[in-house]
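K.L.:
got a sequence here, can you model it:
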Amino acid sequence: MATRANSCHSTLWLQTVLWSIISLLVLLLFTRAQATRLYSSEDPLTILTSDTLKETLHNSSAAWLVQFYSSWCGHCIQYSPTWKALAGDVKDWEQAIRIGVLDCAHEKNFDICKEFGIHFYPTFRYFKARSNTFNVGKTYRGPDRELQTVRQLMVNFLQNHTRENWPIGCPQLEPSRSEDILPLLDQKSEQYTAVIVEDEDSYVGREVILDLMVYEGLRVTRALSSDRALMTKLGITTVPSTYLLHPNGTHALMDLLPGVHRKKAVSAHDPVHAGNREHGTTEMWKEFDKSKVYMVDLESGLHYLLRVELASHQTLEGEELKTFKDFATVVAKLFPGRPSVVKLLETLLEWLVSLPLERIPYNAILDLVNNKMSISGMYLSDRLQWVGCQGSRPELRGYPCSLWTLFHTLTVQAALRPDALANTGLEDDPLAVLQTMRRYIGTFFGCQECGRHFEEMAKESLSQVRSLDQAVLWLWSRHNQVNNRLSGALSEDPRFPKTQWPTPDLCPACHEEKDGLHVWNEERVLSFLKQHYASPNISPKYTSSSSLEAGGGAEPALPGNQAPPPASNQDGPWKGNAPPPNALPTEEKQQQALGRSGEAGVSIHKETRPGMSFLGLGFSSVDMSLCVLLYVSSCVFLMLMFFFFRMRSKRWKVRHNHKPYV
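P.N.:
Numbering: from 1, shown residues only. Take a look at the predicted model:
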C-alpha cells in the first residue's frame with residue numbers, strides 16, 4: 001500500500017509541476033502583451049536609447065528633432081498622439097530632418113538624460129546634420145507645440161544650417177530669383193520644374209519642397225512675390241501660386257504629372273532606423289491591498305527623486321539649494337521609514353546644514369545618497385518597483401503616484417507629530433510641508449505642465465490654510481481636484497480610474513448626501529487620512545529583506561572592521577577648497593548627530609543592483625519555440641513516469657496477491 005501511495009503522490013506532483021509550467025507560459029504571454037510604452041517600433045519615428053543616441057547624432061546625414069520625454073509624465077502622455085501625428089506628417093522629410101524620442105524615465109537612459117541636461121519633460125532638442133563634435137542640441141522653448149507650428153520650426157531650423165553642414169539629401173530652401181527661373185522658360189528638360197511664388201513670410205513653398213523631395217522627375221523651387229520681373233513675366237497676380245515648367249518646354253498651371261513617382265523607400269536596415277530598438281522591463285503584477293500604503297512605493301519615489309530627477313541639475317545654488325535643503329529637512333524629520341532610510345535622510349540633512357558652501361555639485365549629493373562614505377546601517381534601495389502605485393502599463397501611475405503618496409504621508413505625519421520640525425526654522429508653520437512641496441514641484445519636478453497647474457492651485461487657496469489639520473485636508477481636496485481634471489485623459493489608467501477619493505468602500509462615513517447632492521464629511525475625511533497615512537498602516541510587504549534594510553545592520557565589513565581606502569580626490573566633483581565627499585561629514589560627526597557612537601567601525605556597503613527581469617528579456621520566436629519544446633518535453637516526461645509507476649504497481653499486485661499452494 002505504501003508503494004501505491006508513493007506512486008500516486010509522485011504522479012500528482014508531476015501533474016502539479018506541469019500545470020505550473022503551463023500557467024507560467026500563459027502568464028508570460030499575457031504580461032508580454034501588456035508591456036508597452038508611449039512609442040513603439042510601429043510608429044513613424046526613431047526610438048533612441050543611451051546606446052544609440054550619440055552614434056545616431058554623430059555625423060548624421062540629416063538633422064534631428066528629438067523629444068526627451070518621461071513615460072510617467074502626464075503631459076508627455078497627452079502629447080504623444082500629436083508627436084506621432086507630426087512624425088507621420090513629416091515622414092517624407094527624413095532625408096533632411098528626422099524625428100526621434102528618448103524615454104528619460106527608463107533606468108537605462110538616466111545617465112544620458114543627465115549628460116544632455118534634461119531638466120523637464122517633454123524637452124525638444126534640434127541637432128544639426130553632419131556634426132563631428134558632441135553637442136547637446138538646441139532647445140525649443142516655445143509654448144505652442146501644435147503640429148503646424150512644429151513643422152514651421154523644423155523648416156526654420158533647416159534653413160539655419162550653413163552650407164558646410166547642410167543635410168545631404170535636403171533640397172535648396174532659399175528662394176530662387178527671376179534670373180535663375182526665366183531662362184528655363186521654353187527650354188526642354190528631363191524633369192518637371194514647379195515654381196511656387198509666395199510672400200516672404202509664407203511657409204507653403206518650403207513645406208511643399210520638403211513634402212515632394214521623395215519624388216523623382218520633379219524639381220520644386222520657390223520665388224518671392226517681391227520679385228516683380230518674375231511676377232510680370234509669368235502673369236501671376238495672386239499668391240501663393242504654382243507655375244509648372246514641362247519637360248517639353250511648355251509652361252502652365254500644375255496638372256497631373258506623368259513620370260513623377262516616389263523614390264525607392266528607405267530600407268529598414270538604413271541608419272534612419274538604427275536606433276529604433278524598443279526597450280523596457282516588465283514587472284510581474286503584485287497583488288496589494290488598496291486600504292494600505294506601501295513602503296516600497298515611498299522608497300522608490302525617494303530613489304527616483306534623489307538619484308534621477310535631481311540629477312538633471314549639475315549643481316545646486318541659490319533658491320534651488322534652499323528648496324532642496326528645506327525638502328531634506330521635512331523628509332528627514334517626518335519620513336516614517338525604515339531605520340536604514342531614515343538614517344540616510346538624517347545624514348543628508350546634517351551634511352547640508354553643516355556645509356558652508358553656497359554651491360553644491362550634485363555628484364556630491366549622489367555620493368552621500370549612495371553611501372560612498374560607507375557609514376554603517378545607511379541605505380536606500382536603488383530599484384524602482386511599484387505596488388500600490390503600479391499601473392496596468394509601464395507609463396501609467398508610478399512616480400507621480402508615489403510623489404502624491406509621499407506628500408500626503410508627510411502632511412499627516414506633521415499633523416500627528418507637531419513637534420517633529422522643532423529647531424529647524426520650519427516649526428510653528430502650518431504651511432511648512434505644503435510650501436516645501438510647492439517649491440520642490442516648481443523647481444525640480446520634471447513635468448512642467450503639472451507644476452504649472454499645481455502652482456495655480458497654490459496661489460488660489462494655499463494662504464487660507466491655518467493649521468496642520470487644514471494642511472492635510474487642503475492637499476487631499478486639491479488631489480481630488482486634479483483627479484477630476486484628468487478624468488478621461490490619456491494619462492488615466494483604465495484599471496485605476498481617477499475618481500474622487502476615498503471611495504465609499506474605503507470610508508463610508510466620509511460620504512454624505514445633502515439636498516440630493518453628494519457632500520464630504522471633512523471631519524471623517526481627516527480622521528480617515530490620519531489613519532491611512534499613519535505609520536501602522538504602511539505595509540513593508542515587497543520591500544527588500546536584506547540584513548541592512550531589515551534592521552539597519554550593514555553589509556559584511558572588511559576583515560578586521562577596517563575601513564576601505566580613501567578615494568582619490570583627483571577626479572571627484574569637488575573643486576578648490578571644498579573637502580572631498582568622504583570627509584563631509586566626518587564619521588565622528590555622523591555618530592554624534594545620529595546617536596550611534598557605539599557602533600563599531602565602518603562597514604562596506606555594496607550597492608545592490610536589481611537583477612535582470614526575466615520578463616524583460618523579450619519574448620521572440622526563439623523563446624516561443626523553447627516554451628513549446630519545454631511543454632512537449634514535460635508531457636512526454638509525465639507520460640513516461642505514468643507508465644513506469646503503472647508497471648511497478650502491476651508487479652506489486654502480482655507479487656503480493658500470489659497465494660502459495662496448500
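K.L.:
so how far is Ser241 from the nearest residue to Cys113 once chain neighbours are set aside?
P.N.:
Nearest residue to Cys113, sequence neighbours excluded (CB to CB, 6 or more residues apart in numbering): Cys104, at 3.9 Å. The C-beta positions use only the backbone N, C-alpha and C, and glycine is treated the same way. Remark: distance between Cys104 and Ser241 (CB to CB, to the nearest Å) = 46 Å.
K.L.:
which one's more surrounded, the two?
P.N.:
Cys104 (25 against 18; other CB atoms under 10 Å).
K.L.:
in the stretch 151-300 of the chain, where is pLDDT below threshold?
P.N.:
Filtered on pLDDT under 70, the stretch 151-300 of the chain yields the residue ranges 253-283.
K.L.:
and the helix or strand containing Arg206, C-alpha only, in CSV?
P.N.:
Following DSSP states H and E, one finds Arg206 within helix 204-211. Taking C-alpha atoms only, helix 204-211 is exported to CSV below (Å, rounded to 0.1, in the frame of the first residue of the first chain):
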residue,chain,number,x,y,z
VAL,A,204,3.9,77.0,-48.2
GLY,A,205,6.8,76.7,-50.6
ARG,A,206,9.4,75.3,-48.3
GLU,A,207,7.0,72.8,-46.9
VAL,A,208,6.0,71.6,-50.4
ILE,A,209,9.6,71.3,-51.3
LEU,A,210,10.2,69.0,-48.4
ASP,A,211,7.0,67.1,-48.9
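K.L.:
give me the buried positions along that helix.
P.N.:
Gly205, Arg206, Glu207, Val208, Ile209, Leu210, Asp211 (16 or more other CB atoms under 10 Å).
K.L.:
can I get the residues you listed in TSV with distance to Ser463?
P.N.:
Shown next, in TSV, are the buried residues of helix 204-211 (distance: CB to CB, whole Å):
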residue	distance to Ser463
Gly205	54
Arg206	51
Glu207	49
Val208	54
Ile209	55
Leu210	52
Asp211	53
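K.L.:
so which of the residues you listed comes closest to Ile441?
P.N.:
Glu207 (38.7 Å; CB to CB).
K.L.:
show me where the stretch 351-500 of the chain dips below the pLDDT cut-off.
P.N.:
Along the stretch 351-500 of the chain, segments meeting pLDDT under 70 are nowhere present.
K.L.:
identify the residues contacting the residue nearest the centre of the chain.
P.N.:
The residue lying closest to the centre of the chain (CA atoms, centre = their mean) is Ala105, at 2.1 Å. Residues counted as contacts of Ala105 (CB atoms under 8 Å, 6 or more residues apart in numbering) are Tyr69, Ser70, Ser71, Trp72, Cys73, Glu395, Gly398, Tyr399.
K.L.:
could I get these as a markdown table with neighbour count and distance to Leu38?
P.N.:
Shown next, in a markdown table, are the contacts of Ala105 (neighbours: other CB atoms under 10 Å; distance: CB to CB, whole Å):
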| residue | neighbour count | distance to Leu38 |
| --- | --- | --- |
| Tyr69 | 30 | 7 |
| Ser70 | 29 | 9 |
| Ser71 | 23 | 5 |
| Trp72 | 29 | 10 |
| Cys73 | 27 | 9 |
| Glu395 | 25 | 6 |
| Gly398 | 25 | 13 |
| Tyr399 | 26 | 15 |
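K.L.:
among those, which are in strands?
P.N.:
Tyr69 (DSSP state E).
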